[in-house]
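> can you look at this prediction? I've put the sequence above it.
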Amino acid sequence: MIQFLTNRILPENSDPNDLTVRSKVGKRSGILGILANALLFAGKMIVGTVSGSVSITADAMNNLSDASSAIVTFIGFKLAEKPADENHPYGHARFEYLSGLAVAAMIVVIGFELAKSSFQKILHPQQVLFSGALVVVLLMSIGVKMILAAVNRRLGRAIDSTPLLAAAADSRNDCISTGVVLLSAVFAHLTHINVDGYTGFLVALFILHSGASMAKDTISPLLGEAADPELQRTIVDALRSNDKILGYHDLMVHDYGPGQRFASVHAEMDMREDVLQCHTIIDDVERQVLDRYGIHLVIHYDPVVTNDKELNRMRQSVDKVLKSIDPRISIHDFRMVRGDTHTNLIFDMIIPYELSDRRQQIKRQLDTAINLTDTRYYTVITFDTGGFNPEVIWDERK
């Protein structure tokens, strides 16, 4: 069943990176979620009302929230497929993130309301009627949710979709919460101890936790989270594939939603290379990254001096001192301006965030170490944090 549904939603010959395919997968998954959760809501609501169980009613409301979530997900994928226009030149793909945030808000509200009603049941417990229909409906719910969790997990991984992976996690949590409701009903039937209100409260906590986790996953990319390490490696590997590119730094990635990623990076090349040839190389790398990975990359050309022995010696000396202070510190854009009385060593220094308040201390340590051997050198430093210069791109080849 799982493989059948997955293939119906995402056929084997489909390209998961294609935006049209992505939109179809999201909408079809949404429709499947709407139908399944609507049926589960109706069945549990009937059984919960007849038996007087607040925990089953709470579980039914959870399915109603899931059906509503699936509707919002469907709408989100539908809006996200709109092409770029004059007012939104980067497209509308972030609607997928916004739909996830709307779903999270709905789940939190429903969870809060269920927690209140369950607490009232704890204070004023009522007898729950146990029946075979109750067991059948809850077992059916667990089975359906297990299938939905597996299908959405496969689809979410295939197209790298946060909303679908969140839907899979939510279905998994539903299996757990419904299992707790079933066990409490059986426990109450066998022992005549009413734990319905307590079980309903646990289900409400599950719902609240699920909503909070989903909100975190969707808010982070909207705020502008750090680029995924795998995405960084993809861009860096494309740069390293050309021997003419000697170093790279200041990688910035802007995420406007799935399929709408823009990036910029500085690439260092020998100043003696032909400028037109360097321009052609940069164009080729930009086109390669766009064609293969769908990333709109802009490369800034940095010409560097490689045949100055004094410059190379001082760069190695500076790098050695900084590595002794902290191995994570790195430098780039190293150049030398000679004068009659002194020589300026001008460069950018990349430091981890936790060392930001030690900038002047690090500079003094560096100046002291350099001046022990030669007092002619002065350092002119621009400090960068590791946010746009993570470890994966610190390796600069000579």
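That came in fine, so what should we check first? Numbers count the residues shown, from 1 in each chain.

> for the helix or strand bottoming out on mean pLDDT in the chain, packing partners?
In the chain, the helix or strand scored least confidently by mean pLDDT, DSSP states H and E is helix 54-80, which has a mean of 75. If you count contacts as 3 or more C-beta pairs under 8 Å, 6 or more residues apart in numbering; DSSP states H and E, helix 54-80 packs onto helix 19-51, helix 95-123, helix 132-159, helix 162-191, helix 196-223. From N, CA and C alone the C-beta is placed, and that goes for glycine too.

> can you put these in CSV and add mean pLDDT, mean neighbour count and distance to M252?
Shown next, in CSV, are the helices and strands packed on helix 54-80 (pLDDT from 0 to 100; neighbours: other C-beta atoms under 10 Å; distance: least, C-beta to C-beta, whole Å):
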stretch, mean pLDDT, mean neighbour count, distance to M252
helix 19-51, 82, 20, 23
helix 95-123, 77, 19, 19
helix 132-159, 84, 19, 25
helix 162-191, 78, 20, 21
helix 196-223, 77, 20, 15
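
> the ones you listed: which one's closest to E310?
helix 196-223 (45.3 Å; C-beta to C-beta).

> and that closest one, how far from the chain's centre?
Relative to its chain's centre, helix 196-223 lies at 18 Å (C-alpha atoms, centre = their mean, to the nearest Å).

> coming back round to it: buried set for the least confident helix or strand of the chain?
Buried residues in helix 54-80, counted by 16 or more other C-beta atoms under 10 Å: 54-77, 79-80.

> just checking, next helix/strand downstream of the helix or strand hosting H279?
Element membership for H279 (DSSP states H and E) is helix 275-293. Downstream of helix 275-293, the first helix or strand assigned by DSSP H and E is strand 295-304.

> assign a three-state SS to Y248, would you?
strand (DSSP: H, G, I helix; E, B strand; the rest coil).

> could you do the one 3 residues further on as well?
The assignment at L251 comes out as strand when based on three-state DSSP.

> can you give me the pLDDT of it?
Looking at L251, its pLDDT stands at 85.

> show me what contacts the residue lying closest to H209 once chain neighbours are set aside?
Of all residues not flanking H209 in the chain, N173 sits nearest, at 7.7 Å (C-beta to C-beta, 6 or more residues apart in numbering). Contact analysis of N173 by C-beta atoms under 8 Å, 6 or more residues apart in numbering lists 206, 209-210.

> ok, T306 next?
Per C-beta under 8 Å, 6+ apart, neighbours of T306: 246, 270-272, 312, 398.

> measure the nearest residue to A215 once chain neighbours are set aside to T341 for me?
Closest residue to A215 apart from its sequence neighbours, by C-beta to C-beta, 6+ apart: A104 at 3.8 Å. Computed as C-beta to C-beta, to the nearest Å, the A104 to T341 distance reads 63 Å.

> and what of N312?
Counting by C-beta to C-beta, the gap from N312 to T341 is 23 Å.

> the two: who's more crowded?
When neighbours are counted by other C-beta atoms under 10 Å, N312 and T341 differ, and N312 comes out ahead with 15 against 6.

> my read is that one is in a strand, agree?
No. Applying three-state DSSP, one finds N312 to be helix, outside a strand.

> just the pLDDT for it.
The model's pLDDT for N312 equals 89.

> now do the SS call for L345.
With three-state DSSP as the criterion, L345 reads strand.

> ok, it - contacts?
By C-beta under 8 Å, 6+ apart, the neighbours of L345 are 314, 318, 334, 336, 370, 377-380.

> L297: which of those is nearest?
F334 (24.3 Å).

> got a list of contacts for the helix or strand containing the closest one?
Using DSSP H and E, F334 falls within strand 330-338. Residues outside strand 330-338 that contact it (C-beta under 8 Å, 6+ apart): 247, 249, 266, 268, 302, 304-305, 308, 310-311, 314-315, 318-319, 322, 343-350, 382, 389, 394, 396.

> listing partners with orientation, what would you give for it?
Next to strand 330-338 in the sheet, as set by DSSP bridges, lie strand 343-351 (antiparallel).

> ok, back up a step: contact partners of the helix holding H279?
234-235, 238-239, 241-242, 244-245, 263, 267, 269, 295-299, 301, 303.

> pull out the buried positions in it.
So helix 275-293, judged by 16+ other C-beta under 10 Å, has buried residues 278, 281-282, 285-286, 289.

> now the two most distant members of the residues you listed.
It's C278 and V289 that sit farthest apart of the buried residues of helix 275-293, by C-beta to C-beta, at 16.9 Å.

> about what we covered before: out of the contacts of N173, which one sits closest to I329?
For the contacts of N173, the nearest to I329 is H209 (39.8 Å; C-beta to C-beta).

> re the thing from before, what sits against the residue nearest to A215?
Listed by C-beta under 8 Å, 6+ apart, the contact set of A104 reads 211-212, 214-215, 218.

> let me have those in TSV, extended by distance to P163.
Compiled in TSV, the contacts of A104 are given as follows (distance: C-beta to C-beta, whole Å):
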residue	distance to P163
G211	13
A212	16
M214	8
A215	12
T218	8
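
> A42: which of these is nearest?
Closest to A42, out of all of those and judged by C-beta to C-beta, is G211, at 22.8 Å.

> now do the closest one against G48, distance only.
21 Å.

> can you check S131 too?
11 Å.

> and what of K24?
Per C-beta to C-beta, K24 is found 35 Å from G48.

> what is the burial count for D374?
Neighbours of D374 using other C-beta under 10 Å come to 10.

> distance of it relative to I346?
Where I346 is concerned, D374 sits at a distance of 17 Å (C-beta to C-beta).
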